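>>> No sequence on hand, only this structure:
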């Protein structure tokens, strides 16, 4: 299929439809409005249902109902709206329902702003709602990658019976890039014999996260942990860029990683051996990538559009072996290559030219 | 020997956790009888809510989903949109539906979601131990209104059947009671009709069922039935508020 120029938010919608998603429940919030708008136009054409809910709270619970009924279903929102969805996300994770949740992050806390940010990293990767659970979280850095990951996300969600989140930011949502829709590598998916579809010729199915006997709930929680362990073993993804001889490894994901890539090139022009480690999955966090780095590495620099959230995972992965520095902008400000370069030069003991 | 009375197929044989004298058991039975009579058990998906009826998924012998507090109508919407040919109902208490879930019930009704809502109003939060509900009567003593509900402090109880009957999408709205046999028979008719409304594709249907909570009202079961009749019915009048096909 030929490449077509698409806006990020619209590409999200099309990728989901091509992956078999037929149900979308959402609520307007900037900067992701083109996702529901696109779905409201396209889903009826393919026999699906778009429904604008009365709130993000209702939308995520509609997702719960539809996922429990066996459908491929998604919702999208931006930071304040994702906060509202956290109760439902916790229930979805507890009830082990597959679905896709898109967060096109904007600056926070509170109502925050509408400019791109990465300040929902903790919320996405460390729980967000209550209880011992994790989402499967992808952090794409281009619209093509976002499309590829979305098309795979529904399979991953079905495979693990776990909600998948795509962590984007306002930049990815709003910009346009050429994309092509390619079917992902096929996974063997288990039948959805647990779904509530009407109990014809079988015992009733129950979608539930309540477990009043503590020992039973604990058993359930350990089983969830086993699932996350399986994800950690099998699903870590990352990109390494010019790390073969790197002395400074910069760690960044999403839009920020694109900026950092140009910083790496700029630093190399100035004789500093820099490289980039770009996490593609942020849960499971790609700790395996750190083990692949050469012995030449002297320091790490984490760059984020937040006050420093992923830097904690970098420190856990580096485990004291090298110093881990941080450079970030927050509130919707995008860091410039010049300011990142300056920080990198300082770390490496050089002066920016 | 002729069988004159048996458990509806739509109920499991599990012993319920409901307190002695609580009328939830009667209402469960009326729902199950309706499902059996309409022969839709295998195509019905129920949604349990949060509150005393949270464990309803153990008692109804059909596919069930358990919803977050107040969100049952949103969950039911998701199910019904995926399976428009199936029968979807929610079973919610007054704290769940009229307090935390007010937005979800109003919008499900406004959209005319083709679902059936069984709304059990016993004027109190039962499961959590008897706190004041949005439906608690003025003067009613609860654990969070120990001197009795005062209107000047927290307003007046909400009449959900009347409120929802102002919405065009709510085509079938009724309030019934289960405090005596004649009313139980009427309640059964209303519940069955609310399922028929959905099966015929006519739109959103809700039955508000006035119910007792002897434990948290601090009354013996028989006195609780009397209290319902004498205190609740004057404030919550019984009857059909909307019927399908009615022109507004």
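Alright, I've got the coordinates. These figures come from a predicted structure and were not determined experimentally. Numbering: from 1, shown residues only, chains lettered A, B, ... in the order given.

>>> Residue A:281 touches residue A:232, doesn't it?
No: when contacts are counted by Cβ atoms under 8 Å, residue A:281 is not listed as touching residue A:232 (9.4 Å). Backbone N, C-alpha and C define where each C-beta goes, glycine included.

>>> Which of these two has more residues huddled nearby?
residue A:281 (21 against 17; other Cβ atoms under 10 Å in any protein chain shown).

>>> Once you drop chain neighbours, what's closest to the more buried one?
Nearest-residue entry for residue A:281: residue A:237, 4.6 Å, with adjacent residues in sequence omitted and distances by Cβ to Cβ, 6 or more residues apart in numbering or on different chains.

>>> who's in contact with that neighbour?
A:279-281, A:286 (Cβ atoms under 8 Å, 6 or more residues apart in numbering or on different chains).

>>> Could I get the contacting residues of residue B:42?
A:198-201, B:62.

>>> List buried residues within those residues.
A:198-199, B:62 (16 or more other Cβ atoms under 10 Å in any protein chain shown).

>>> quick check, nearest of these to residue A:327?
residue A:198 (55.4 Å; Cβ to Cβ).

>>> can you pull the buried residues of the helix or strand bottoming out on mean pLDDT in chain A?
Ranking every helix and strand in chain A by mean pLDDT, DSSP states H and E puts helix A:170-174 at the bottom, with a mean of 92. Buried positions in helix A:170-174, judged by neighbour count with 16+ other Cβ under 10 Å: A:170-174.

>>> neighbours around the residue of the stretch 1-150 of chain A found nearest chain B, how many?
Closest to chain B within the stretch 1-150 of chain A is residue A:65: 2.6 Å, counting by Cβ to the nearest Cβ. Using other Cβ under 10 Å, residue A:65 has 33 neighbouring residues.

>>> and residue B:120, which of the three is it?
strand (DSSP: H, G, I helix; E, B strand; the rest coil).

>>> What's the separation between it and residue B:168?
Going from residue B:120 to residue B:168 by Cβ to Cβ, to the nearest Å gives 25 Å.

>>> ok, now residue B:197?
Residue B:197 is 14 Å from residue B:168, by Cβ to Cβ.

>>> Residue B:120 and residue B:168: which has the busier surroundings?
Legend: neighbour count by other Cβ under 10 Å for residue B:120 and residue B:168, higher for residue B:120 (27 against 13).

>>> Now do the contacts for the more buried one.
So residue B:120 contacts B:24, B:27, B:53, B:91-94, B:209, B:211 (Cβ under 8 Å, 6+ apart).

>>> out of those, which touch chain A?
The subset of the contacts of residue B:120 lying close to chain A, counting by Cβ under 8 Å from any Cβ of the partner chain, is empty.

>>> Mind checking which of those residues land in helices?
Of the contacts of residue B:120, the ones assigned to helices by DSSP state H are B:24, B:27, B:94.

>>> Which of the residues you listed sits closest to chain A?
For the ones in helices among the contacts of residue B:120, the nearest to chain A is residue B:24 (16.9 Å; Cβ to the nearest Cβ).

>>> ok, the closest one - how many residues close by?
For residue B:24, the count of nearby residues is 26 (other Cβ under 10 Å).

>>> you'd agree it is up against residue B:53?
Yes: Residue B:24 lies in contact with residue B:53 (Cβ under 8 Å); the separation is 6.5 Å.

>>> Do a quick rundown of the strands in chain B.
With DSSP state E as the criterion, chain B has strands at B:44-48, B:63-66, B:87-93, B:116-121, B:124-125, B:131-132, B:170-177, B:204-210, B:239-242.

>>> rounded to a whole number, what's the mean pLDDT of the helix or strand harbouring residue A:157?
Following DSSP states H and E, one finds residue A:157 within helix A:143-160. Helix A:143-160 carries an average pLDDT of 98.

>>> That one - contacts with which helices or strands?
helix A:8-18, strand A:99-105, strand A:136-138, strand A:163-169, strand A:176-179, helix A:214-234 (3 or more Cβ pairs under 8 Å, 6 or more residues apart in numbering or on different chains; DSSP states H and E).

>>> Who does the fourth one pair with, and is each partner parallel or antiparallel?
Based on DSSP bridges, the pairing partners of strand A:163-169 within the sheet are strand A:99-105 (parallel), strand A:136-138 (parallel).

>>> Let me have those in JSON lines, adding distance to residue A:89 and mean pLDDT as columns.
Formatted as JSON lines, the strands paired with strand A:163-169 follow (distance: least, Cβ to Cβ, whole Å; pLDDT from 0 to 100):
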{"stretch": "strand A:99-105", "distance to residue A:89": "7", "mean pLDDT": "98"}
{"stretch": "strand A:136-138", "distance to residue A:89": "12", "mean pLDDT": "98"}
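
>>> Mean neighbour count, these: which tops it?
Ranked by mean neighbour count, the strands paired with strand A:163-169 are led by strand A:99-105 with a mean of 28 (mean count of other Cβ atoms under 10 Å in any protein chain shown).
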